[in-house]
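Visitor: Following is a predicted model, sequence given first.
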Amino acid sequence: MTDPDLQKKDPADPAQASEPVVSKPYIMPDDPEPGSVEMLAKEVADARDKMLRTLADMENLRQRTRREVADAKTYGITGFARDVLEIADNLQRALDAVPSEARAAADPGLKALIEGVELTERSLLNALEKNGVKKFDPSGEKFDPNFQQAMYEVPDPSVPSGTVVQVVQAGYMIGERVLRPALVGVSKGGAKAAPAAANGNEPNNAA
């Protein structure tokens, strides 16, 4: 005979089940359990990795800021320096307008005027150099389009082709950048110029 109580409490019958069946979450074998030593070690490693990344970002920011400040200090006067170059050009033109013969035969008043213009030009160039602006004259150098602008060619077989033989207008550097390229005449017809040395591309600074 079948016990009626067993039939009443048969767990196979969903209608007779007294408690719902709850499935436990499946934990991957490689995942450490929460609160375990492995889980704490993983959290520490993650925190250390984030800290190192943050420190690296901060160092990059400091270096970038340092470069930007240095560039602003060096190149912040670029626009002003270009305007001042017009004054230097006018002083040079005034000196070039007086032939050497006229200077030698000039009266004391004219000589004093010429010397005053020369002194003013030197003072202006010194002031520019103190602020990182330097004048350069590439006469005799191999033509370099990074620092010079060719205005015309000069037939001259006595020098290698591509040599700067005339300087129409001096060039200026500000820091490591070209503030204004030199305007030059380049030789044509001579032997081909030898390649420039690895460290010979920088223009020579004029006194």
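Guide: That came through fine.

Visitor: use CA for all of it now, contacts and neighbours both
Guide: Noted.

Visitor: Residue 135 contacts residue 174, doesn't it?
Guide: No. Residue 135 lies out of contact with residue 174 (CA atoms under 8 Å); the separation is 9.1 Å.

Visitor: Give me the common contacts of these two.
Guide: Counting by CA atoms under 8 Å, 6 or more residues apart in numbering, residue 135 and residue 174 have no contacts in common.

Visitor: Which single helix of the protein contains the most residues?
Guide: As assigned by DSSP state H, the longest helix anywhere in the chain is helix 37-75.

Visitor: List the buried residues of it.
Guide: Buried positions in helix 37-75, judged by neighbour count with 16 or more other CA atoms under 10 Å: 74, 75.

Visitor: so what's the backbone phi/psi at residue 150?
Guide: Phi and psi for residue 150, reported as degrees, to the nearest 10, are phi -80, psi 130.

Visitor: so what does the longest helix of the chain touch, helix or strand wise?
Guide: With contacts defined as 3 or more CA pairs under 8 Å, 6 or more residues apart in numbering; DSSP states H and E, helix 37-75 has no helix or strand neighbours.

Visitor: Off-centre distance for it?
Guide: Computed by CA atoms, centre = their mean, to the nearest Å, the chain-centroid distance of helix 37-75 equals 22 Å.

Visitor: now the helices for this protein?
Guide: Using DSSP H, the helices of the chain run over residues 4-8, 37-75, 78-96, 100-104, 108-130.
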